[in-house]
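Engineer: mind looking at a prediction? Sequence and model below.
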Amino acid sequence: MVSAALLDDDGYSLFETGDGGSHRVVEFTPRAFENPELVTEAAGEEQTCFAGDDELAAFEPAWADAYLSPFEAPELTEFVEEYRPLDNTELGTA
């Protein structure tokens, strides 16, 4: 998402590649956390985050701000709110 946002500023619309796959990821992510069965069905097995073996950390959804910069996505905005401040040194934030 970060690369797509940076390149979008230069006129390269990577958000639209793969038939808008980035947009589908953004739509799917909040729904997946509301209904983990969606992820289990897609992956073929329960994922550690939903099995209680792992928790989502604030750095993991940090990509959301890169998406939310050029697009409005109320469901994603609401989803990441509890993880703010979003921070990932790999994405250039600290």
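Structural biologist: Ah, there it is. Residues are numbered from 1 along each chain as shown.
Engineer: for the nearest residue to A58 once chain neighbours are set aside, grab the count of nearby residues.
Structural biologist: Nearest residue to A58 in three dimensions, chain neighbours excluded: Y83, at 4.5 Å (Cβ to Cβ, 6 or more residues apart in numbering). All C-beta spots, glycine's among them, are computed from the backbone N, C-alpha and C. Neighbours of Y83 under the rule other Cβ atoms under 10 Å: 16.
Engineer: what's the answer for L56, then?
Structural biologist: So L56, with other Cβ under 10 Å, has 14 neighbours.
Engineer: ok, now the one 3 residues further on?
Structural biologist: Counted with other Cβ under 10 Å, the neighbours of F59 add up to 15.
Engineer: run the chain-centre distance for the helix or strand bottoming out on mean pLDDT in the chain.
Structural biologist: Ranked by mean pLDDT, DSSP states H and E, the weakest helix or strand in the chain is helix 48-51, scoring a mean of 78. The chain centroid and the centroid of helix 48-51 are separated by 17 Å under Cα atoms, centre = their mean, to the nearest Å.
Engineer: I'd like the next helix or strand past it.
Structural biologist: Using DSSP states H and E, the helix or strand that follows helix 48-51 in sequence is helix 63-68.
Engineer: check contacts around the residue nearest to A58.
Structural biologist: Contacts for Y83 were tallied using Cβ atoms under 8 Å, 6 or more residues apart in numbering; they are 56-58, 60-61.
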